[in-house]
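Visitor: heads up, no residue letters with this:
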(Lines give C-alpha, C1' and ligand atoms only; values in the text may rest on other atoms or scores of the structure.)
Protein backbone atom coordinates (compact mmCIF):
# COMPACT_ATOMS: atom_id res chain seq x y z
CA UNK A 1 0.00 0.00 0.00
CA UNK A 2 1.44 3.36 -1.03
CA UNK A 3 1.63 6.01 1.68
CA UNK A 4 2.87 9.61 1.89
CA UNK A 5 3.47 10.24 5.62
CA UNK A 6 3.36 13.72 7.10
CA UNK A 7 4.18 14.79 10.63
CA UNK A 8 1.38 15.96 12.89
CA UNK A 9 2.11 18.13 15.91
CA UNK A 10 0.35 18.12 19.27
CA UNK A 11 0.82 17.26 22.94
CA UNK A 12 2.26 13.87 21.95
CA UNK A 13 5.95 13.07 21.48
CA UNK A 14 5.89 11.96 17.83
CA UNK A 15 3.02 11.90 15.34
CA UNK A 16 2.27 11.08 11.73
CA UNK A 17 -0.66 10.73 9.37
CA UNK A 18 0.28 8.14 6.77
CA UNK A 19 -1.61 9.69 3.85
CA UNK A 20 -4.41 12.05 2.86
CA UNK A 21 -7.87 10.50 2.97
CA UNK A 22 -9.22 12.08 -0.21
CA UNK A 23 -7.55 13.51 -3.27
CA UNK A 24 -10.57 15.60 -4.29
CA UNK A 25 -14.34 15.63 -4.00
CA UNK A 26 -16.60 17.36 -6.51
CA UNK A 27 -20.35 17.90 -6.56
CA UNK A 28 -22.10 16.47 -9.58
CA UNK A 29 -25.69 16.79 -10.75
CA UNK A 30 -28.49 16.62 -8.22
CA UNK A 31 -29.73 13.15 -7.39
CA UNK A 32 -33.36 12.06 -7.09
CA UNK A 33 -33.29 13.17 -3.46
CA UNK A 34 -32.72 16.78 -4.52
CA UNK A 35 -29.25 16.80 -2.97
CA UNK A 36 -26.02 16.92 -4.96
CA UNK A 37 -24.07 13.71 -5.37
CA UNK A 38 -20.34 13.84 -4.84
CA UNK A 39 -17.64 12.17 -6.83
CA UNK A 40 -14.76 11.45 -4.47
CA UNK A 41 -11.28 10.31 -5.40
CA UNK A 42 -9.43 8.78 -2.46
CA UNK A 43 -5.86 7.74 -1.86
CA UNK A 44 -5.19 4.00 -1.70
CA UNK A 45 -5.29 4.10 2.10
CA UNK A 46 -8.37 6.34 2.10
CA UNK A 47 -10.22 3.99 -0.24
CA UNK A 48 -9.32 0.97 1.89
CA UNK A 49 -10.59 2.72 5.03
CA UNK A 50 -13.78 3.78 3.27
CA UNK A 51 -14.45 0.18 2.20
CA UNK A 52 -13.73 -1.09 5.72
CA UNK A 53 -15.85 1.48 7.57
CA UNK A 54 -18.79 1.95 5.21
CA UNK A 55 -18.89 -1.25 3.17
CA UNK A 56 -17.86 -3.67 5.96
CA UNK A 57 -15.11 -5.02 3.69
CA UNK A 58 -13.07 -6.98 6.24
CA UNK A 59 -10.45 -7.81 3.60
CA UNK A 60 -9.14 -4.24 4.08
CA UNK A 61 -7.98 -4.84 7.68
CA UNK A 62 -4.85 -6.72 6.66
CA UNK A 63 -3.37 -4.30 4.09
CA UNK A 64 -4.07 -1.25 6.28
CA UNK A 65 -2.60 -2.92 9.38
CA UNK A 66 0.42 -4.08 7.37
CA UNK A 67 1.08 -0.55 6.07
CA UNK A 68 0.82 0.94 9.57
CA UNK A 69 2.99 -1.77 11.16
CA UNK A 70 5.63 -1.41 8.44
CA UNK A 71 5.71 2.34 8.98
CA UNK A 72 6.08 1.94 12.75
CA UNK A 73 8.96 -0.50 12.25
CA UNK A 74 10.66 1.99 9.94
CA UNK A 75 10.77 4.76 12.58
CA UNK A 76 13.61 4.69 15.11
CA UNK A 77 11.57 7.06 17.30
CA UNK A 78 9.10 4.21 17.90
CA UNK A 79 11.52 1.40 18.69
CA UNK A 80 10.54 1.31 22.36
CA UNK A 81 6.72 1.43 22.19
CA UNK A 82 5.14 -1.08 24.54
CA UNK A 83 1.50 -1.12 23.38
CA UNK A 84 -0.81 -0.09 20.55
CA UNK A 85 -3.94 1.69 21.77
CA UNK A 86 -7.02 2.42 19.67
CA UNK A 87 -8.79 5.74 20.09
CA UNK A 88 -12.20 4.80 21.54
CA UNK A 89 -15.10 5.20 19.10
CA UNK A 90 -17.59 8.04 19.20
CA UNK A 91 -20.38 5.66 18.14
CA UNK A 92 -20.37 2.66 20.47
CA UNK A 93 -23.56 1.26 18.93
CA UNK A 94 -21.72 0.12 15.82
CA UNK A 95 -21.32 -3.67 16.02
CA UNK A 96 -17.92 -3.57 14.33
CA UNK A 97 -15.33 -1.00 15.43
CA UNK A 98 -12.78 -0.60 12.62
CA UNK A 99 -10.19 1.36 14.62
CA UNK A 100 -10.14 -1.27 17.38
CA UNK A 101 -9.88 -4.08 14.81
CA UNK A 102 -7.00 -2.33 13.06
CA UNK A 103 -5.16 -1.59 16.33
CA UNK A 104 -5.51 -5.24 17.38
CA UNK A 105 -4.05 -6.45 14.09
CA UNK A 106 -1.25 -3.85 14.18
CA UNK A 107 -0.41 -5.04 17.71
CA UNK A 108 -0.31 -8.66 16.52
CA UNK A 109 2.03 -7.76 13.65
CA UNK A 110 4.35 -5.92 16.06
CA UNK A 111 4.12 -8.50 18.84
CA UNK A 112 2.68 -5.88 21.21
CA UNK A 113 -0.45 -5.79 23.36
CA UNK A 114 -3.43 -3.86 21.98
CA UNK A 115 -5.83 -4.08 24.92
CA UNK A 116 -9.48 -3.15 24.52
CA UNK A 117 -10.02 -2.82 28.28
CA UNK A 118 -7.49 -0.10 29.08
CA UNK A 119 -8.45 3.15 27.36
CA UNK A 120 -12.05 4.09 28.11
CA UNK A 121 -14.53 6.64 26.85
CA UNK A 122 -16.44 7.76 29.92
CA UNK A 123 -18.56 10.52 28.42
CA UNK A 124 -20.91 10.29 25.46
CA UNK A 125 -19.92 12.78 22.76
CA UNK A 126 -21.27 13.79 19.41
CA UNK A 127 -19.32 12.65 16.34
CA UNK A 128 -16.71 15.36 15.80
CA UNK A 129 -17.32 15.50 12.05
CA UNK A 130 -20.65 17.15 12.88
CA UNK A 131 -19.01 19.83 15.09
CA UNK A 132 -17.41 22.92 13.56
CA UNK A 133 -14.46 24.67 15.22
CA UNK A 134 -11.53 23.36 17.26
CA UNK A 135 -12.65 25.08 20.45
CA UNK A 136 -16.12 23.52 20.29
CA UNK A 137 -14.63 20.09 19.61
CA UNK A 138 -12.22 20.54 22.51
CA UNK A 139 -15.12 21.35 24.84
CA UNK A 140 -17.06 18.32 23.63
CA UNK A 141 -14.11 16.06 24.44
CA UNK A 142 -13.27 17.53 27.87
CA UNK A 143 -13.03 14.72 30.45
CA UNK A 144 -14.30 12.19 27.90
CA UNK A 145 -11.47 9.67 28.32
CA UNK A 146 -10.03 7.67 31.21
CA UNK A 147 -7.79 4.65 31.78
CA UNK A 148 -8.63 1.45 33.64
CA UNK A 149 -5.33 1.28 35.51
CA UNK A 150 -1.66 2.24 35.31
CA UNK A 151 -0.30 -0.88 33.58
CA UNK A 152 1.64 1.26 31.08
CA UNK A 153 2.96 3.81 33.58
CA UNK A 154 6.43 5.13 32.69
CA UNK A 155 6.34 3.48 29.25
CA UNK A 156 6.04 4.66 25.63
CA UNK A 157 2.76 3.76 23.90
CA UNK A 158 1.38 4.27 20.41
CA UNK A 159 -2.10 5.75 19.96
CA UNK A 160 -3.82 4.85 16.68
CA UNK A 161 -6.81 6.35 14.87
CA UNK A 162 -8.12 6.07 11.33
CA UNK A 163 -8.51 9.78 10.53
CA UNK A 164 -6.74 12.95 11.66
CA UNK A 165 -8.66 16.19 11.27
CA UNK A 166 -8.03 18.90 13.83
CA UNK A 167 -6.15 16.72 16.31
CA UNK A 168 -8.54 17.42 19.18
CA UNK A 169 -9.35 13.74 19.78
CA UNK A 170 -5.67 12.76 19.83
CA UNK A 171 -4.96 15.67 22.20
CA UNK A 172 -7.75 14.70 24.63
CA UNK A 173 -6.76 11.02 24.68
CA UNK A 174 -3.05 11.85 24.99
CA UNK A 175 -3.78 14.08 28.00
CA UNK A 176 -5.69 11.24 29.69
CA UNK A 177 -2.85 8.80 29.04
CA UNK A 178 -0.19 11.18 30.36
CA UNK A 179 -2.02 12.43 33.43
CA UNK A 180 -4.25 9.51 34.42
CA UNK A 181 -2.17 6.64 33.08
CA UNK A 182 1.17 8.19 34.09
CA UNK A 183 2.53 7.19 30.69
CA UNK A 184 6.01 8.52 29.90
CA UNK A 185 5.54 9.10 26.16
CA UNK A 186 2.62 8.94 23.75
CA UNK A 187 3.23 8.78 20.01
CA UNK A 188 0.37 8.89 17.54
CA UNK A 189 -0.29 7.48 14.09
CA UNK A 190 -3.38 8.15 12.00
CA UNK A 191 -3.93 6.08 8.88
CA UNK A 192 -5.17 9.16 6.98
CA UNK A 193 -5.75 12.86 7.39
CA UNK A 194 -8.29 15.27 5.96
CA UNK A 195 -7.18 17.97 3.55
CA UNK A 196 -8.46 20.61 5.99
CA UNK A 197 -7.76 20.55 9.74
CA UNK A 198 -10.54 22.94 10.72
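Guide: That came through, no problem. Please read all numbers here as calculations on a predicted model, not as lab measurements. Residues are numbered from 1 along each chain as shown.

Visitor: low pLDDT regions in the chain?
Guide: 24-39, 125-140, 196-198 (pLDDT under 70).

Visitor: quick check, central residue of it?
Guide: Centroid-nearest residue in the chain: residue 161, 1.0 Å away (criterion: C-alpha atoms, centre = their mean).

Visitor: dig out what that one forms beta bridges with.
Guide: Note on residue 161: beta-bridge partners by DSSP bridges are residue 190.

Visitor: so how far is residue 97 from it?
Guide: Distance, residue 161 to residue 97, by C-beta to C-beta, to the nearest Å: 12 Å. Every C-beta, even on glycine, is put in place using the N, C-alpha and C of the backbone.

Visitor: helices along this structure, start to end?
Guide: In the chain, the helices defined using DSSP state H lie at 44-55, 61-74, 98-110, 134-141, 168-179.

Visitor: for the last one, which helices and strands make contact with it?
Guide: The reference is to helix 168-179. Packing partners of helix 168-179 (3 or more C-beta pairs under 8 Å, 6 or more residues apart in numbering; DSSP states H and E): strand 119-121, helix 134-141, strand 145-147, strand 156-164, strand 185-193.

Visitor: could you do the longest one as well?
Guide: On a contact count with 3+ C-beta pairs under 8 Å, 6+ apart, helix 61-74 meets helix 44-55, helix 98-110, strand 185-193.

Visitor: quick one, what contacts residue 2?
Guide: By C-beta atoms under 8 Å, 6 or more residues apart in numbering, the contact set of residue 2 is 19, 43, 44, 45.

Visitor: buried ones among these?
Guide: When the contacts of residue 2 are checked for burial by 16 or more other C-beta atoms under 10 Å, the buried set is 19, 43, 45.

Visitor: the second one reaches residue 22, doesn't it?
Guide: Yes - between residue 43 and residue 22 there is a contact under C-beta atoms under 8 Å: 7.3 Å.

Visitor: so what sits against both of residue 161 and residue 97?
Guide: Common neighbours of residue 161 and residue 97 (C-beta under 8 Å, 6+ apart) are residue 86.

Visitor: mind putting the helices of the chain in TSV, distance to residue 152 included?
Guide: Below are the helices of the chain laid out as TSV (distance: least, C-beta to C-beta, whole Å):
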stretch	distance to residue 152
helix 44-55	27
helix 61-74	17
helix 98-110	13
helix 134-141	21
helix 168-179	8
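
Visitor: quick check: the two most widely separated of the contacts of residue 2?
Guide: Taking C-beta to C-beta as the measure, the contacts of residue 2 span a maximum distance of 7.5 Å, between 19 and 44.

Visitor: about what we covered before: looking at the contacts of residue 2, which is nearest residue 193?
Guide: Checking the contacts of residue 2 against residue 193 with C-beta to C-beta, the nearest one is residue 19 at 7.5 Å.
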